[in-house]
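Colleague: With the sequence up front, the predicted model follows.
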Amino acid sequence: MARFRQKSFVTVTALALLIFVITVILKTLTPDANSSVDAFGRLAFAHHRQGENHIQGKSDVEILTRAAIAPNAMAKKAPEGKELSFDSDARDFPPPNYNIHAFYYTWYGNPQFDGRYIHWNHPLLPHWDPKVAEGYPKGRHQPPDDIGANFYPALGAYSSRDPSVVEAHMQQLRTAAIGVLAVSWYPPGMKDDNGDSTDDIVPLVLEVADKYKVKVAFHIEPYKGRDDASMLENIKYIMEKYGGHPAFFRYKSSTGKLLPLFYIYDSYLQSADTWAQMLKTTGKSSIRNTPYDGIFVALLVEEKHKREILDAGFDGIYTYFATNGFSYGSSHHNWKSIKDFCDGNNLIFIPSVGPGYIDTSIRPWNFQNTRNRINGKYYETSLSAALATRPQIISVTSFNEWHEGTQIETAIPKTGGRTAYLDYLPHKPTVYLEITRRWAMKFREDQEEDDL
C-alpha cells in the first residue's frame, strides 16, 4: 500500500508539472495585448501578418482620427540603445542634421479641411502611346479606402492643412534627425495639375517647424511661364513674406554668407541663357549681390545638364529621383564623377536618396521603373552610395510623395475594397525614419572628421 501511495504521489506530481509547463507555453504563444504597432498614434492590428508586402483578403487595420494622434505615442531606440521620448518637447528628439533635407509635399486634402479629397483621388494617367494605353484601366481613385498610392499612410487620407498632421510630420522628421524640409512650392494662385494652390499652407508649416527646430527650404516647381523674370519675382515674394521667419533655412555659402537655398525642379526646361540672366552677375536681371541673393540648386537628369547648369550660373546640383538607373543623375555609379565635376567648378553636390519607387497606382503601365524596397536594403544602399561621395548635403526623396512610393513617412498594412496596399512589414511603420536617423548620425560624424 505504501508503494502504491508513493507511485500515486509521483504520478500526480508529474501530471501537475506537465500542466504547469503547458500553461506557460500557451501563455507565451498568446498575442500580447500591447503588441499593436505605434505610428504616432495607436494602430490596432486584427492579427499578425508575415513578410513585407504580404496581401490579405480583408481590411485589418484601424486608422485613428487626428485627435487620437498623441505626440508622445511612440518610443524607439537610438543606436546606442537609449529610449527616445516622443513628447512635444523638441529636446527629446535626436539632434537635427541640417545637412539632411527631405522633399515635402503639402498638396493633400480631405473633406474635413478642404471640402473634398485632393490628390488622394489622383487619376490613373494614360500611357503616351494610345495603343498601349488601351490595355490599362482608366478613371480616378476613390478615397479614403482607395487612394492614389501603392502604400497607405498611417495618418490616413489626411489634409496638409490639418495642424495635427503637420505636427505629426514634424515629429517624424525629428525622429529621423532630418533638419530641413524642402517644401514643394508654386507661386500664389498656381497649382499642379491635380491639386489646389498651397502657398497659404506655408505659414502653418513654418510655425510648426520652428516649434521642432526644423528648418524650411523651398522646392520651386515648374509652372507655365516660368522664366528668369518670373523667378526673380518668386524669390522676392518668398524672401519678403517668409524670409524673416526663424524656421526659414539659410545655408553658409563658400563665401561665408548665410543665404537661402532654393531647389529648382525641372530647371532644364529653361535654357542656360535664360537662367543666366538672373543667376550671373552679368545678367540683365541679376539677383547676385542683392538682398534676394541665394543658393540656387538645379536638377541634373542627363549628363549634358552638367555643363548647362554651370553655364546658367547655378550654385549646385541635386538628382531628385529615387530610382537608381532611371537617369544619369539618379544612377549611383555616376555620383562620384558628378561630385568631382562639382568640386572642380565650386558647385554644391546634393545626391538624392530614396527608400524605393513604385507609381503603378497612378501610372499602371510604369512597372519597369519600380524599385523594390527590399525591407530597407535599397534605402541603405542609396544612403551608403551618397555618403561615399562626401557631399555637403544629402536630400531624401521623399518624406511624403505617396503617389510615387518614395515616402519615408509612416505607412501601415491595409486593404480596402478592390485596393490592396504594400507595407513595411516585417518592420515597424517607423522603419524608414529609423534608418534615416542612423545614417544622419553617421553623416554628421563623417563631416566632423573631415573638418578636423
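Modeller: Great, that's in hand.
Colleague: hey, let's count contacts and neighbours off CA atoms from now on
Modeller: OK.
Colleague: All the helices of the stretch 301-450 of the chain, in order from the start?
Modeller: Using DSSP state H, counting those that start in this stretch, the helices of the stretch 301-450 of the chain run over residues 305-312, 335-344, 377-388, 431-451.
Colleague: Throw the ones you listed into TSV and include mean neighbour count and distance to Ile287, thanks.
Modeller: Shown next, in TSV, are those (neighbours: other Cα atoms under 10 Å; distance: least, Cα to Cα, whole Å):
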stretch	mean neighbour count	distance to Ile287
helix 305-312	19	13
helix 335-344	16	22
helix 377-388	19	31
helix 431-451	17	31
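Colleague: Now tabulate those helices in a markdown table and tack on mean pLDDT.
Modeller: Shown next, in a markdown table, are these (pLDDT from 0 to 100):
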| stretch | mean pLDDT |
| --- | --- |
| helix 305-312 | 98 |
| helix 335-344 | 98 |
| helix 377-388 | 98 |
| helix 431-451 | 96 |
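Colleague: Including distance to Gly405, could the ones you listed go into CSV?
Modeller: Shown next, in CSV, are those (distance: least, Cα to Cα, whole Å):
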stretch, distance to Gly405
helix 305-312, 26
helix 335-344, 23
helix 377-388, 13
helix 431-451, 13
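Colleague: so which of the ones you listed gets nearest Thr323?
Modeller: For these, the distance to Thr323 is smallest for helix 377-388, at 9.6 Å, taking Cα to Cα.
Colleague: Run the chain-centre distance for stretch 413-431.
Modeller: 16 Å (Cα atoms, centre = their mean, to the nearest Å).
Colleague: Now it: buried residues?
Modeller: 413-416, 420-425, 428-431 (16 or more other Cα atoms under 10 Å).
Colleague: and of the residues you listed, the nearest to Gln171?
Modeller: Checking these against Gln171 with Cα to Cα, the nearest one is Thr430 at 11.5 Å.
Colleague: I'd say the closest one and Thr410 touch.
Modeller: Yes - between Thr430 and Thr410 there is a contact under Cα atoms under 8 Å: 5.4 Å.
Colleague: SS state for His101?
Modeller: At His101 the chain is in strand, as set by DSSP: H, G, I helix; E, B strand; the rest coil.
Colleague: quick one: contacts for it?
Modeller: Contacts for His101 (Cα atoms under 8 Å, 6 or more residues apart in numbering) come out as Ile178, Gly179, Val180, Leu181, Ala182, Ile393, Ile394, Ser395, Val396.
Colleague: Let's have these in TSV, adding pLDDT and neighbour count.
Modeller: Below are these laid out as TSV (pLDDT from 0 to 100; neighbours: other Cα atoms under 10 Å):
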residue	pLDDT	neighbour count
Ile178	98	29
Gly179	98	24
Val180	98	27
Leu181	98	28
Ala182	99	24
Ile393	98	19
Ile394	98	23
Ser395	98	24
Val396	98	28
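Colleague: if you look at those, which of them are in strands?
Modeller: Judged by DSSP state E, strands contain the following of those: Ile178, Gly179, Val180, Leu181, Ala182, Ile394, Ser395, Val396.
Colleague: which one of the residues you listed sits closest to Thr290?
Modeller: Nearest to Thr290 among the ones in strands among the contacts of His101, with distances taken as Cα to Cα, is Ala182, at 23.1 Å.
Colleague: tell me how far stretch 336-348 is from the chain's mean position?
Modeller: 26 Å.
Colleague: From here on, call the first residue 11.
Modeller: Okay, using 11 as the starting number, the last item reads as stretch 346-358.
Colleague: May I have it exported as PDB, CA atoms only?
Modeller: This file holds the C-alpha atoms of stretch 346-358, laid out as PDB (Å, rounded to 0.1, in the frame of the first residue of the first chain):
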ATOM      1  CA  LYS A 346      31.500  60.200 -57.900                       C
ATOM      2  CA  SER A 347      32.100  61.800 -61.300                       C
ATOM      3  CA  ILE A 348      29.300  64.300 -60.700                       C
ATOM      4  CA  LYS A 349      30.900  65.200 -57.300                       C
ATOM      5  CA  ASP A 350      34.300  65.600 -59.000                       C
ATOM      6  CA  PHE A 351      32.700  67.900 -61.500                       C
ATOM      7  CA  CYS A 352      31.100  69.900 -58.800                       C
ATOM      8  CA  ASP A 353      34.300  70.100 -56.800                       C
ATOM      9  CA  GLY A 354      36.200  71.300 -59.800                       C
ATOM     10  CA  ASN A 355      33.600  74.100 -60.500                       C
ATOM     11  CA  ASN A 356      32.800  75.300 -57.000                       C
ATOM     12  CA  LEU A 357      29.300  73.700 -57.100                       C
ATOM     13  CA  ILE A 358      27.400  72.000 -54.200                       C
END
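Colleague: can you list the ones in strands among the contacts of His111 in a markdown table and add distance to Lys246?
Modeller: A markdown table is the format used below for those (distance: Cα to Cα, whole Å):
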| residue | distance to Lys246 |
| --- | --- |
| Ile188 | 27 |
| Gly189 | 24 |
| Val190 | 21 |
| Leu191 | 20 |
| Ala192 | 18 |
| Ile404 | 26 |
| Ser405 | 25 |
| Val406 | 27 |
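Colleague: quick check, nearest of those residues to Met451?
Modeller: Among the ones in strands among the contacts of His111, Ile188 lies closest to Met451 (Cα to Cα), at 9.9 Å.
Colleague: The closest one: what's it in contact with?
Modeller: Going by Cα under 8 Å, 6+ apart, the list of residues near Ile188 reads Pro106, Asn107, Tyr108, Ile110, His111, Ala112, Val224, Thr446, Arg447, Ala450.
Colleague: Which two among these are spaced furthest apart?
Modeller: Maximum distance among the contacts of Ile188 (Cα to Cα): 15.3 Å, for Val224 and Thr446.
Colleague: Let me see the backbone angles for Phe272.
Modeller: Dihedral pair for Phe272: phi -120, psi 130, per degrees, to the nearest 10.
Colleague: per-residue pLDDT, it?
Modeller: In this prediction, Phe272 carries a pLDDT score of 98.
Colleague: same deal with the one 5 residues further on?
Modeller: You'll see Ser277 listed with a pLDDT of 98.
Colleague: so it makes contact with Glu312?
Modeller: No - with contact defined as Cα under 8 Å, Ser277 does not count as touching Glu312 (11.8 Å).
Colleague: and the residue lying closest to Pro213 once chain neighbours are set aside, how many neighbours?
Modeller: With sequence-adjacent residues excluded and distances taken as Cα to Cα, 6 or more residues apart in numbering, Pro213 is closest to Tyr252, at 7.9 Å. Tyr252 has 16 neighbours, counted by other Cα atoms under 10 Å.
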